[in-house]
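S.K.: How does the following fold in three dimensions:
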Amino acid sequence: MNKMTKEKAGASFAAGIDCSQVVFGHVAESIGLNAGDAKKIASAFGGGMWAGQTCGCVTGALMAIGYKFGHSEDGDVKTKENMLEKKYAFEKAFKEKYGSLLCKEILGYDLSIPEDMEKIMEEGLLSTLCPQVACDTCEILEQILEEK
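M.R.: Alright, predicted model coming up:
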(Lines give C-alpha, C1' and ligand atoms only; values in the text may rest on other atoms or scores of the structure.)
Protein backbone atom coordinates (compact mmCIF):
# COMPACT_ATOMS: atom_id res chain seq x y z
CA MET A 1 0.00 0.00 0.00
CA ASN A 2 1.25 3.49 -0.80
CA LYS A 3 1.78 5.74 2.19
CA MET A 4 -0.71 8.52 2.77
CA THR A 5 0.90 11.94 2.54
CA LYS A 6 -0.33 15.29 3.77
CA GLU A 7 -0.44 16.39 0.12
CA LYS A 8 -2.61 13.43 -0.96
CA ALA A 9 -4.93 13.92 2.00
CA GLY A 10 -5.12 17.66 1.29
CA ALA A 11 -5.99 17.02 -2.36
CA SER A 12 -8.79 14.69 -1.28
CA PHE A 13 -10.11 17.27 1.17
CA ALA A 14 -9.99 19.94 -1.57
CA ALA A 15 -11.99 17.60 -3.84
CA GLY A 16 -14.73 17.19 -1.21
CA ILE A 17 -13.64 13.88 0.31
CA ASP A 18 -13.87 14.06 4.09
CA CYS A 19 -11.55 12.79 6.82
CA SER A 20 -13.33 9.51 7.51
CA GLN A 21 -13.44 8.78 3.78
CA VAL A 22 -9.76 9.63 3.31
CA VAL A 23 -8.69 7.18 6.01
CA PHE A 24 -11.07 4.28 5.31
CA GLY A 25 -10.70 4.71 1.54
CA HIS A 26 -6.91 4.71 1.79
CA VAL A 27 -6.70 1.30 3.48
CA ALA A 28 -9.78 -0.32 1.92
CA GLU A 29 -8.08 -2.29 -0.85
CA SER A 30 -5.51 -3.70 1.59
CA ILE A 31 -8.29 -5.24 3.69
CA GLY A 32 -10.30 -6.57 0.75
CA LEU A 33 -12.85 -3.79 0.33
CA ASN A 34 -13.43 -1.60 -2.72
CA ALA A 35 -12.17 1.94 -2.00
CA GLY A 36 -15.29 3.52 -3.49
CA ASP A 37 -17.54 1.44 -1.25
CA ALA A 38 -15.42 2.32 1.78
CA LYS A 39 -15.73 6.04 0.99
CA LYS A 40 -19.51 5.71 0.67
CA ILE A 41 -19.75 3.86 3.99
CA ALA A 42 -17.63 6.54 5.68
CA SER A 43 -19.34 9.52 4.04
CA ALA A 44 -21.57 10.43 6.99
CA PHE A 45 -18.76 10.35 9.55
CA GLY A 46 -16.59 13.34 8.60
CA GLY A 47 -16.13 16.22 11.00
CA GLY A 48 -17.03 14.12 14.00
CA MET A 49 -20.27 13.06 12.32
CA TRP A 50 -20.75 16.75 11.47
CA ALA A 51 -21.22 17.43 15.17
CA GLY A 52 -17.63 17.86 16.37
CA GLN A 53 -17.75 14.48 18.09
CA THR A 54 -15.37 11.55 17.46
CA CYS A 55 -12.89 12.67 14.78
CA GLY A 56 -13.74 11.28 11.36
CA CYS A 57 -10.18 10.03 10.98
CA VAL A 58 -10.78 7.92 14.08
CA THR A 59 -14.13 6.60 12.89
CA GLY A 60 -12.66 5.77 9.48
CA ALA A 61 -9.83 3.89 11.16
CA LEU A 62 -12.22 2.02 13.45
CA MET A 63 -14.30 0.98 10.44
CA ALA A 64 -11.17 -0.53 8.90
CA ILE A 65 -10.22 -2.27 12.14
CA GLY A 66 -13.74 -3.63 12.49
CA TYR A 67 -13.83 -4.81 8.88
CA LYS A 68 -10.50 -6.63 9.12
CA PHE A 69 -10.62 -7.94 12.68
CA GLY A 70 -14.31 -7.81 13.63
CA HIS A 71 -16.64 -10.64 14.52
CA SER A 72 -19.97 -11.44 12.90
CA GLU A 73 -20.96 -14.67 14.58
CA ASP A 74 -22.86 -14.90 17.86
CA GLY A 75 -20.59 -15.92 20.70
CA ASP A 76 -17.31 -15.30 18.87
CA VAL A 77 -15.68 -13.80 21.93
CA LYS A 78 -12.09 -14.54 20.89
CA THR A 79 -12.39 -12.60 17.62
CA LYS A 80 -14.18 -9.75 19.39
CA GLU A 81 -11.48 -9.53 22.05
CA ASN A 82 -8.76 -9.43 19.38
CA MET A 83 -10.61 -6.65 17.53
CA LEU A 84 -11.06 -4.66 20.75
CA GLU A 85 -7.35 -5.02 21.48
CA LYS A 86 -6.59 -3.46 18.06
CA LYS A 87 -9.20 -0.74 18.62
CA TYR A 88 -7.78 0.24 22.00
CA ALA A 89 -4.21 0.20 20.65
CA PHE A 90 -5.23 2.53 17.83
CA GLU A 91 -7.07 4.91 20.18
CA LYS A 92 -4.14 4.99 22.60
CA ALA A 93 -1.67 5.87 19.84
CA PHE A 94 -4.00 8.50 18.40
CA LYS A 95 -4.58 10.12 21.81
CA GLU A 96 -0.84 10.17 22.45
CA LYS A 97 -0.45 12.18 19.22
CA TYR A 98 -3.49 14.48 19.46
CA GLY A 99 -4.61 14.41 23.09
CA SER A 100 -8.21 13.59 22.27
CA LEU A 101 -10.45 11.57 19.98
CA LEU A 102 -12.89 14.48 19.57
CA CYS A 103 -12.90 16.60 16.43
CA LYS A 104 -13.82 19.79 18.32
CA GLU A 105 -10.92 19.31 20.75
CA ILE A 106 -8.41 18.56 17.99
CA LEU A 107 -9.54 21.54 15.90
CA GLY A 108 -10.10 23.82 18.87
CA TYR A 109 -13.49 24.67 17.40
CA ASP A 110 -16.83 22.90 16.99
CA LEU A 111 -17.69 22.76 13.30
CA SER A 112 -21.38 22.28 14.13
CA ILE A 113 -21.44 25.88 15.40
CA PRO A 114 -21.58 28.35 12.48
CA GLU A 115 -19.31 30.90 14.18
CA ASP A 116 -16.73 28.22 14.91
CA MET A 117 -16.95 26.94 11.34
CA GLU A 118 -16.14 30.46 10.12
CA LYS A 119 -12.99 30.43 12.29
CA ILE A 120 -12.04 26.97 11.03
CA MET A 121 -12.31 28.25 7.46
CA GLU A 122 -10.49 31.53 8.22
CA GLU A 123 -7.60 29.63 9.80
CA GLY A 124 -7.51 27.07 6.99
CA LEU A 125 -7.67 24.13 9.40
CA LEU A 126 -9.45 21.88 6.90
CA SER A 127 -6.55 22.30 4.48
CA THR A 128 -3.70 22.21 7.01
CA LEU A 129 -4.46 20.44 10.28
CA CYS A 130 -7.02 17.93 9.02
CA PRO A 131 -4.82 16.52 6.23
CA GLN A 132 -2.00 16.09 8.76
CA VAL A 133 -4.35 14.27 11.15
CA ALA A 134 -5.47 12.00 8.28
CA CYS A 135 -1.87 11.28 7.33
CA ASP A 136 -0.88 10.46 10.92
CA THR A 137 -4.00 8.34 11.37
CA CYS A 138 -3.18 6.27 8.30
CA GLU A 139 0.33 5.69 9.60
CA ILE A 140 -0.97 4.41 12.96
CA LEU A 141 -3.70 2.37 11.26
CA GLU A 142 -1.37 0.73 8.75
CA GLN A 143 0.78 -0.60 11.59
CA ILE A 144 -2.26 -2.10 13.31
CA LEU A 145 -3.64 -3.61 10.11
CA GLU A 146 -0.33 -5.43 9.56
CA GLU A 147 -0.88 -7.34 12.81
CA LYS A 148 -2.75 -10.63 13.06
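
S.K.: So the residue of the chain most remote from its centre: helix, strand or coil?
M.R.: Of all residues in the chain, the one whose C-alpha sits farthest from the chain's mean C-alpha position, using Cα atoms, centre = their mean, is residue 75 at 28.2 Å. The assignment at residue 75 comes out as coil when based on DSSP: H, G, I helix; E, B strand; the rest coil.

S.K.: Select the helix or strand of the chain having the lowest average pLDDT value.
M.R.: Least confident element among the helices and strands of the chain, by mean pLDDT, DSSP states H and E: helix 46-47 (a mean of 91).

S.K.: following that one, which helix or strand comes up?
M.R.: Sequence-wise, the next helix or strand beyond helix 46-47 is helix 56-69, with elements assigned using DSSP states H and E.

S.K.: gap between residue 44 and residue 60?
M.R.: 11 Å (Cβ to Cβ, to the nearest Å). C-betas here are computed from N, CA, C, even on glycine.

S.K.: And these two? Which one has more around it.
M.R.: Under the criterion of other Cβ atoms under 10 Å, the comparison of residue 44 against residue 60 puts residue 60 first, with 31 against 13.

S.K.: Leaving out sequence neighbours, find the closest residue to that one.
M.R.: If you skip the residues right next to it in sequence, residue 60 has residue 23 as its closest partner in space, 3.3 Å away by Cβ to Cβ, 6 or more residues apart in numbering.

S.K.: Then residue 65?
M.R.: Leaving aside its sequence neighbours, residue 65 sits nearest to residue 86 (Cβ to Cβ, 6+ apart; 5.0 Å).

S.K.: tell me, how many neighbours does that neighbour end up with?
M.R.: Number of residues near residue 86 (other Cβ under 10 Å) recorded here: 22.

S.K.: between the helix or strand containing it and helix 56-69, how big is the angle?
M.R.: Counting by DSSP H and E, the secondary-structure element that holds residue 86 is helix 77-98. With axes from the mean of the first three to the mean of the last three Cα atoms, to 10 degrees as the basis, helix 77-98 and helix 56-69 are set at 160 degrees to each other.

S.K.: if we can go back for a sec, list the residues that contact the residue nearest to residue 65.
M.R.: Contact analysis of residue 86 by Cβ atoms under 8 Å, 6 or more residues apart in numbering lists 65, 69, 144, 147.
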